[in-house]
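A.B. asks: One predicted model, sequence on top.
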Amino acid sequence: DSSEHEKSVQDGAVENSPLLTLLKTQTVRVLQSIGISIPASACLYMVFTYLGIHLARENDLGTSEVAWISAGIIACITILMPVYGLITDRVGALKAYTGGIIACIVLVFPVLHLTATGSRTVAVGSFLVFGLTMAIVVVAVSAVLPSLFDSRTRVTGVALANNFANLVTGGTAAYVSTWL
């Protein structure tokens, strides 16, 4: 643990029940964080789960080939994360998050269409574009969420928002993606 955390423990500033404290004192912030986390989680599920399945089904690609394509896209996203961090620092986390979510909403229909064209190049390219767009959301939300909570309940607040968002989107993203 950090020296700041150890000092907080010694000073008695660590909450015995951070979840109850969080829900009693920062209810609006909890709701805001959940509202921010749900679209971000939906974008993640779209890229890391559904688009691979869609790519395989619509382009007659084998699961091994789709796994390698997904791995390559994840590698590109990972390499560009520091760049997205710089962009987020320059424009602000909330603006970067909002822009990324808007871009994902605008791109979702064209990407689903383009991944079903039968052209591997077009399909993989559109998958990559959506993955790179989703990455700005992930980077920005990682900065936005902790800023919503005070230091006594920050980790609990972020964990609650992320887990609730995953609960909501994990079960529904596939259905929504299929419907789209």
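C.D. replies: Received the coordinates, thanks.
A.B. asks: buried residues in the helix or strand bottoming out on mean pLDDT in the chain?
C.D. replies: Taking mean pLDDT, DSSP states H and E as the measure, helix 3-11 is the helix or strand of the chain with the lowest mean score, a mean of 72. Residues residue 8 are the ones in helix 3-11 that count as buried (16 or more other Cβ atoms under 10 Å). Where C-beta positions appear, they are placed from N, C-alpha and C, glycine not excepted.
A.B. asks: mind listing what's buried in the helix or strand following that helix?
C.D. replies: Remark: after helix 3-11, the chain's next helix or strand is helix 18-25, criterion DSSP states H and E. By neighbour count with 16+ other Cβ under 10 Å, helix 18-25 contains the buried residues 18, 22.
A.B. asks: Counting by contacts, list what the helix or strand following helix 18-25 packs against.
C.D. replies: Heading C-terminal from helix 18-25, the first helix or strand you meet, by DSSP H and E, is helix 27-45. Helix 27-45 is packed against helix 93-114, helix 120-147, helix 154-179, with contacts defined by 3 or more Cβ pairs under 8 Å, 6 or more residues apart in numbering; DSSP states H and E.
A.B. asks: Off-centre distance for the shortest one?
C.D. replies: What that stands for is helix 93-114. Offset of helix 93-114 from its chain centre (Cα atoms, centre = their mean, to the nearest Å): 12 Å.
A.B. asks: Okay, buried residues for it please.
C.D. replies: 93, 96-101, 103-104, 107-108, 111-112, 114.
A.B. asks: quick one: contacts of it?
C.D. replies: By Cβ atoms under 8 Å, 6 or more residues apart in numbering, the list of residues contacting helix 93-114 from outside reads 36, 39-40, 43, 46, 51, 54, 84, 87-88, 91, 122-123, 125-127, 129-130, 133-134, 136-137, 139-141, 143-144, 147, 177, 180.
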